[in-house]
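Undergrad: when you get a sec, could you give me coordinates for this:
(chains A and B)
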Protein chains: 2
Amino acid sequence: MSLPLSGVTIVDFTRILSGPFATMILADLGATVIKIERPGSGDGARTLPPLKDGKSGYFAAVNRGKRSLALDFDIDTDRALLDRIIARADVLVENFRPGVMDRRNLGWELLHARHPELVYASVTGFGQTGPDAKRAAYDVIVQARSGLMDRTGTQEVPRRAGSSFGDLSGGMFLAQGILAALYDRARTGLGRRVDVSMLDAQLALMEQAVPRAAMGATPPPHPSRHPAIAPCEAIQASDGSFVLAAGTEAQFERLCLVLDLPIAGDARFADNAARLANARLLKRLIEAVTLDHTRSHWLPRMTAAGVPCAPIQAMDQVMKDPQLGARNMIVDVLDRYGRASFKAAGNPIKMSGMEDPPARPAAPELDGNRADILRWLEKG
Amino acid sequence: MSLPLSGVTIVDFTRILSGPFATMILADLGATVIKIERPGSGDGARTLPPLKDGKSGYFAAVNRGKRSLALDFDIDTDRALLDRIIARADVLVENFRPGVMDRRNLGWELLHARHPELVYASVTGFGQTGPDAKRAAYDVIVQARSGLMDRTGTQEVPRRAGSSFGDLSGGMFLAQGILAALYDRARTGLGRRVDVSMLDAQLALMEQAVPRAAMGATPPPHPSRHPAIAPCEAIQASDGSFVLAAGTEAQFERLCLVLDLPIAGDARFADNAARLANARLLKRLIEAVTLDHTRSHWLPRMTAAGVPCAPIQAMDQVMKDPQLGARNMIVDVLDRYGRASFKAAGNPIKMSGMEDPPARPAAPELDGNRADILRWLEKG
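TA: Residues are numbered from 1 along each chain as shown, chains lettered A, B, ... in the order given. Coordinates of the predicted model:
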């Protein structure tokens, strides 16, 4: 069985993270991604840390398995080459600010008229429309403006969620939009324009915060407790914290058994709504017991009893997590000589008939695939 | 033009958040989603806060536009009805723990043999394989185990990122897997099994933390600074914090101009790598200026100069954000009588030829679409 996106060719103008993350997902699913880069320096992510032997692990992780062609749009022969690639591509992806592609005669209207079957996808900070469409954004801008930082930290010490969700969320929704447009095109023969904003995407992941805010019912942020489930938070043991979550009555009863907590039948903890209303008291009662022993005492006991729980792992522990290992979620990214070079997260989409190799092909050298791409174009 | 997933029918066994979020995305793109619920209580999210008139805003937001049918698998007539729906469906989605669907004779092997064209998708805490496959998970479990809490808070005060990324990430990758499988099926006629783990999905969003950890180069978590870009963090003004990000040399030069910072030519800030190495000093120099004025002084000036910046918005400000308003990102969810009932985040995937209505159809009443679904089955 071939990969689900085998035969799909993507011409990719994106740089740094949001767009490249989307095309990484599509490459992992089997698409051929041709990365068009600026001659000389290429994608700015090529120099972002962590670096090893002058190569960026950041770039390698997000651009694994893509091909690179360096082109200068102002040079006629380069532009002619680009036009030939676009004519053969199924999808064009870009993350320039609105207007930049139009000024290069690479805008949606023009290309859609020429190539009605081309899917044209853009991810930008704020989208193609609206008063702030032309402003630049970075992850932290989107996290701040979407309410995520307010929900993560405190007003005194604002905190960014610990990964670049502003970029990644935009990339995820972009990948979904491209996939939906490809499915649609398989039936209609027509490409669509997909327009994703990082700010919109981040808001779309704010979940219950939106209905709550509209009802004037935004609770103050809590460091670790889920806003709708209790107990579901970080709990202190004698040697540090771990998390537990009892989201069903059965799980809560089992938790009470493990802790020998005599609160069965107590109206203050009779159901999730009551436990939420008394969450601080409940946490204190739980910690009155858990503080007597270490995490390594509690975690196996709770696990054995079927109470969802976990250590708060630092990244070095995450890298050795047996479940992630069994799922092939820490993969090697090869270098150009086929040697393991960097580690990266694997593909979380496991699919029947789709290989899930533990080593992923290298990210391209700048302009490293020119000869191959020319040969592919010649084949017509 | 019809919606990209028009004509696609999804039979949806999922509850709470990860699975329902995936099918919400697909419903927004035009799929018909038939939610199969337990008679009596239905999806547990129906009672999760925020509540209004006894209805859950959480449930309404995530289940907008779906249809509901309550079925008891142990009753023969109900089971026969379910079998007829599955025979007509394009996609089956479930988020039970591994083994549950098999025990109900609804497992992948059996259904794939009967309906080779059916896409069969599962999202679970830890996936269908590996030592922890059968364990239950909640958002906070996944955030803790994946390293996200460690990267968001401190070892002393562990913090959950302020939205349920553990669930939502699983839902996003599940949606992508389903879409890729549908595209593939349009060519091959064969359905695939999609297997997504919330833990895998969360790890896939840890970005550079994975290559860094493998290199032994995990920096201590910082409340708001991006680990690879400086300046890119929360900055104090006289009345509170805002964020700014200068990710290019041009943006950094403009920032220095706005602040009248005389550090052009200073080797300590000559490029991003130097600024990262001196990020604390740089922040102090910036705040020595910004602390003299309010946020409403600095934000318009930086915006005018083209320096990416934003207020750290609380949710009530987010709800009134003009850019999000212009993008139709705060939508009404209607009730069964067609009245605006709850607010929710809109669809961040904007697509040509795809309507983006400011009001979204209601989430279903439990078993509220039985008659419609029976009629659709009769039509054959």
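Undergrad: now the strands for the stretch 101-250 of chain A?
TA: Applying DSSP state E, counting those that start in this stretch to the stretch 101-250 of chain A gives strands spanning A:119-124, A:193-197, A:232-237, A:240-245.
Undergrad: got the contact list for the spatially closest residue to residue A:88 that is not a sequence neighbour?
TA: Distances taken as Cβ to Cβ, 6 or more residues apart in numbering or on different chains place residue A:9 nearest to residue A:88, at 6.3 Å, with adjacent residues excluded. To be clear about C-beta, it is placed using only N, CA and C from the backbone, and glycine gets the same treatment. Residue A:9 makes contacts with A:31-32, A:34, A:88-91, as judged by Cβ atoms under 8 Å, 6 or more residues apart in numbering or on different chains.
Undergrad: so residue A:295 touches residue A:309, yeah?
TA: No: under the criterion of Cβ atoms under 8 Å, residue A:295 is not in contact with residue A:309, lying 9.4 Å apart.
Undergrad: any regions of chain A where pLDDT drops low?
TA: Counting by pLDDT under 70, chain A has low-confidence residues at A:380.
Undergrad: quick one, domains of it?
TA: The record's domain split for chain A, according to automatic domain parsing, is A:9-206+A:325-378, A:232-312.
Undergrad: distance to residue B:372 added to those, as CSV?
TA: Rendered in CSV, the data for the domains of chain A read as follows (distance: least, Cβ to Cβ, whole Å):
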stretch, distance to residue B:372
domain A:9-206+A:325-378, 25
domain A:232-312, 31
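Undergrad: which of the ones you listed is buried the deepest?
TA: Relative to the other members of the domains of chain A, domain A:9-206+A:325-378 carries the highest mean neighbour count by mean count of other Cβ atoms under 10 Å in any protein chain shown, namely a mean of 21.
Undergrad: can you give me the distance of the residue nearest to residue A:88 to residue A:270?
TA: 59 Å (Cβ to Cβ, to the nearest Å).
Undergrad: now do residue A:179
TA: 45 Å.
Undergrad: helices of the stretch 101-250 of chain A, residue ranges please.
TA: Under the criterion DSSP state H, counting those that start in this stretch, helices of the stretch 101-250 of chain A are mapped to A:108-114, A:139-145, A:148-152, A:165-188, A:198-204, A:209-214, A:249-259.
Undergrad: just send those back as TSV, with distance to chain B too.
TA: Compiled in TSV, these are given as follows (distance: least, Cβ to the nearest Cβ, whole Å):
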stretch	distance to chain B
helix A:108-114	8
helix A:139-145	4
helix A:148-152	3
helix A:165-188	4
helix A:198-204	4
helix A:209-214	3
helix A:249-259	7
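Undergrad: mind putting these in TSV, distance to residue A:82 included?
TA: Listed next are these as TSV, based on distance: least, Cβ to Cβ, whole Å:
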stretch	distance to residue A:82
helix A:108-114	11
helix A:139-145	29
helix A:148-152	37
helix A:165-188	20
helix A:198-204	26
helix A:209-214	41
helix A:249-259	57
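Undergrad: so which of those helices comes closest to residue B:344?
TA: Among those, helix A:209-214 comes nearest to residue B:344, with 5.5 Å by Cβ to Cβ.
Undergrad: tell me where the stretch 251-380 of chain A has strands.
TA: Under DSSP E, counting those that start in this stretch, the stretch 251-380 of chain A gives strands at A:309-311, A:330-334, A:340-345, A:350-351, A:359-360.
Undergrad: now render those as CSV, adding distance to residue B:27.
TA: Output for the strands of the stretch 251-380 of chain A, formatted as CSV (distance: least, Cβ to Cβ, whole Å):
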stretch, distance to residue B:27
strand A:309-311, 31
strand A:330-334, 33
strand A:340-345, 28
strand A:350-351, 22
strand A:359-360, 33
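Undergrad: can you put those in TSV and add distance to chain B?
TA: Converted to TSV, those look like this (distance: least, Cβ to the nearest Cβ, whole Å):
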stretch	distance to chain B
strand A:309-311	4
strand A:330-334	7
strand A:340-345	3
strand A:350-351	4
strand A:359-360	12
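Undergrad: what's the closest of those to residue A:318?
TA: Proximity to residue A:318, assessed across these by Cβ to Cβ, is greatest for strand A:330-334 (8.4 Å).
Undergrad: relative to the closest one, what are the paired strands and their orientations?
TA: strand A:340-345 (antiparallel), strand A:359-360 (parallel) (DSSP bridges).
Undergrad: just the residues contacting that strand, thanks.
TA: Outside strand A:330-334, the residues within contact range by Cβ under 8 Å, 6+ apart are A:60-61, A:64, A:319, A:324, A:340-346, A:357-363, B:210-211, B:214.
Undergrad: leaving out sequence neighbours, find the closest residue to the residue most central in space within chain A.
TA: Nearest to the centroid of the C-alpha atoms of chain A, with distances taken as Cα atoms, centre = their mean, sits residue A:168, at 3.8 Å. With sequence-adjacent residues excluded and distances taken as Cβ to Cβ, 6+ apart, residue A:168 is closest to residue B:205, at 5.1 Å.
Undergrad: now the helices for the stretch 251-380 of chain A?
TA: A:272-277, A:279-290, A:295-305, A:315-318, A:322-326, A:370-378.
Undergrad: next, format those as CSV and append distance to chain B.
TA: Below are those laid out as CSV (distance: least, Cβ to the nearest Cβ, whole Å):
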stretch, distance to chain B
helix A:272-277, 7
helix A:279-290, 12
helix A:295-305, 7
helix A:315-318, 4
helix A:322-326, 3
helix A:370-378, 21
